[in-house]
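**Q** Pasting a predicted model and its sequence here:
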Amino acid sequence: MTDSLITLPEAAEHAISIRAKALTFEDPRSRLLLERVRLVAPSDATALIIGESGTGKELVARLLHTLSGRGQQPFVAVNCGALSESLIESELFGHEKGAFTGAATSKPGWFEAADGGTLFLDEVGDLPPSAQVKLLRVLQEREVVRVGSRQPRKVDLRLVAATNVNLEAAVQAGRFREDLYYRLNVARLALPPLRERTGDILPLARHFLEQYAKRLRIAAPELTPTAQQRMLAHAWPGNIRELENVIHYAMLVCRNGRVEAADLQFSALALRRPEADAPAAAAHVAATAPAGTAPSLEQALLELFQQAPPGLWQHIEETVFRTAYEYCEGNQVQTSRLLDLSRNIVRARTAQFGIHQTAQRTF
């Protein structure tokens, strides 16, 4: 591992992974991040890594682990969003024989597996409320209780959590426990999106060119000046993951050992408006509304407030969710992205509001 580039170990085993598999520290913002990682790593403080999908949060977690005193101990990575809600507690905290149907033997959870080392909880914002309560207790008491047991087991590990969800907004909306948020948000590391650290784009591109050239057993092609300009001008909504896919495709179609601008196939997905622009957008809506009137959404809310019906907030939340769900034609993935909710929350809301789910429209 060098100071300028880190990759997942045994990268070939991650060929079908959706994770970002490389991260550089060439851009000034990335160098500041690296310095922060070096300062935080030696301690056992709980770390919270925030950043958009595909920015390399697991790589930063692994770097924290490697630079810490636990570097020779296990590093266990768990994607909370990939665990089913019914089994997430037994997966994280373990279970005893007979604790539930199918529990033929006792099994330690991921916390016990990471004992002595580092446990990385990715997509921690997807944890259901019941698991949030247990996670809080583990962080407070440094012990786990397996499902079906009353005997606590001590664990000695460092917890690193990551999310692409706005946890502050989730706390305000009641989807994430405030006390757990403060327990996680000790050493906060923010990964800028690739579009905000353009100095990393070309070094990453060259790294992926070399990696795919090795797989294809050919010489690594060069990026032409026009191709470099196109890459630097692109917004990269998919971040490092998208960059890798663009390079992979370019390697397959380029000729004469040169990647031209025409060989680059960019994502057509539009970037969501950054949160920092939200006040300006609201001001624009207000400024463009007819004189003496409020924007339509604000006016509708004001009328509701005047009526003050019982269960007002639940009515608003259900109306927003149902409208978004219908707009997305019953697709839970698109609804999750549109409303900036975790997948588990979308599943829970469809059940709470009695929304019928078809097999074709589930995850």
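**A** Structure received.
**Q** which SSE is residue 298 in?
**A** Here residue 298, judged by DSSP states H and E, is contained in helix 296-307.
**Q** ok, and for the helix or strand following that helix, which residues are buried?
**A** The helix or strand immediately downstream of helix 296-307 is helix 312-327, counting by DSSP H and E. When burial is assessed from 16 or more other Cβ atoms under 10 Å, helix 312-327 yields the following buried residues: 317-318, 321, 324-325. The way it works is simple: take the backbone N, C-alpha and C, and place the C-beta from them, glycine included.
**Q** Save those residues as CSV, and put in pLDDT and distance to residue 232 too.
**A** What follows is these, written out as CSV (pLDDT from 0 to 100; distance: Cβ to Cβ, whole Å):
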residue, pLDDT, distance to residue 232
317, 83, 42
318, 83, 45
321, 87, 39
324, 88, 35
325, 87, 38
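**Q** and the nearest residue to residue 114 once chain neighbours are set aside, what does it touch?
**A** Using Cβ to Cβ, 6 or more residues apart in numbering and skipping the chain neighbours, the partner closest in space to residue 114 is residue 76 (4.0 Å). Contacts here follow Cβ atoms under 8 Å, 6 or more residues apart in numbering; on that basis residue 76 touches 110, 113-114, 117-120.
**Q** same thing with residue 199?
**A** Shown in contact with residue 199 (Cβ under 8 Å, 6+ apart): 26-28, 30.
**Q** Give me the buried entries from these.
**A** Buried positions within these, assessed by neighbour count (16+ other Cβ under 10 Å), are 26-27, 30.
**Q** Checking my notes, the residue nearest to residue 114 in a strand, right?
**A** Yes - assessed by DSSP: H, G, I helix; E, B strand; the rest coil, residue 76 belongs to a strand.
**Q** partners of it in the sheet?
**A** Legend: beta-bridge partners of residue 76 under DSSP bridges are residue 119.
**Q** Make sure residue 161 is indeed in a helix.
**A** No - Residue 161 is assigned strand when assessed by three-state DSSP, not a helix.
**Q** Burial check on it, number of neighbours?
**A** Around residue 161 sit 27 other residues, with neighbours defined as other Cβ atoms under 10 Å.
**Q** leaving aside the residues next to it on the chain, what's closest to it?
**A** The spatially closest residue to residue 161, leaving aside those adjacent along the chain, is residue 124, at 4.1 Å (Cβ to Cβ, 6+ apart).
**Q** contacting residues around that neighbour?
**A** For residue 124, the contacting residues are 80, 161-163, 184, taking Cβ under 8 Å, 6+ apart as the criterion.
**Q** Return the set of buried residues in stretch 101-117.
**A** Of the residues in stretch 101-117, those buried by neighbour count under the rule 16+ other Cβ under 10 Å are 107, 109-112, 114-115, 117.
**Q** gap between that stretch and the chain center?
**A** Taking the mean C-alpha point of stretch 101-117 and that of its whole chain, the gap between them comes to 24 Å (Cα atoms, centre = their mean, to the nearest Å).
**Q** mean confidence score for that stretch?
**A** Per-residue confidence for stretch 101-117 averages out to 86 on the pLDDT scale.
**Q** what distance separates the start and the end of it?
**A** 31 Å (Cα to Cα, to the nearest Å).
**Q** Not counting it itself, show me its contacts.
**A** Among residues not part of stretch 101-117, those counted as contacts by Cβ under 8 Å, 6+ apart are 65, 70, 73-76, 78, 90-97, 119, 138, 144, 146, 148, 153, 155-158.
**Q** how near is residue 26 to residue 198?
**A** Summarising the geometry, the distance separating residue 26 from residue 198, computed by Cβ to Cβ, to the nearest Å, is 10 Å.
**Q** Equivalent analysis for residue 225, please.
**A** Between residue 225 and residue 198 the distance, using Cβ to Cβ, works out to 16 Å.
**Q** Can you pick out the residue with more neighbours from those two?
**A** For residue 225 versus residue 198, the count of surrounding residues by other Cβ under 10 Å is larger for residue 198: 16 against 9.
**Q** out of everything not next to it in sequence, what's closest to that one?
**A** Using Cβ to Cβ, 6+ apart, the closest residue to residue 198 is residue 232 (5.6 Å).
**Q** swap in residue 147?
**A** Using Cβ to Cβ, 6+ apart, the nearest residue to residue 147 is residue 95, at 4.0 Å.
**Q** Report the beta-bridge partners for the one you found.
**A** Once the bridges are assigned, which here means DSSP bridges, residue 95 pairs with residue 107, residue 147.
**Q** contacting residues around it?
**A** Residue 95 makes contacts with 103, 106-107, 109, 146-149, as judged by Cβ under 8 Å, 6+ apart.
**Q** Find me the pLDDT at residue 332, would you?
**A** The per-residue pLDDT reported for residue 332 equals 85.
**Q** Now do the strands in the stretch 51-200 of the chain.
**A** Assigned by DSSP state E, counting those that start in this stretch, the strands in the stretch 51-200 of the chain fall at 75-79, 118-122, 143-145, 152-154, 158-163, 187-190.
**Q** quick one: which of these is nearest residue 212?
**A** Proximity to residue 212, assessed across those by Cβ to Cβ, is greatest for strand 75-79 (24.1 Å).
**Q** just how off-centre is the closest one within its chain?
**A** Its chain's C-alpha centre and that of strand 75-79 lie 13 Å apart, by Cα atoms, centre = their mean.
**Q** likewise stretch 154-172?
**A** For stretch 154-172, the gap between its own C-alpha mean and the chain's C-alpha mean amounts to 11 Å (Cα atoms, centre = their mean).
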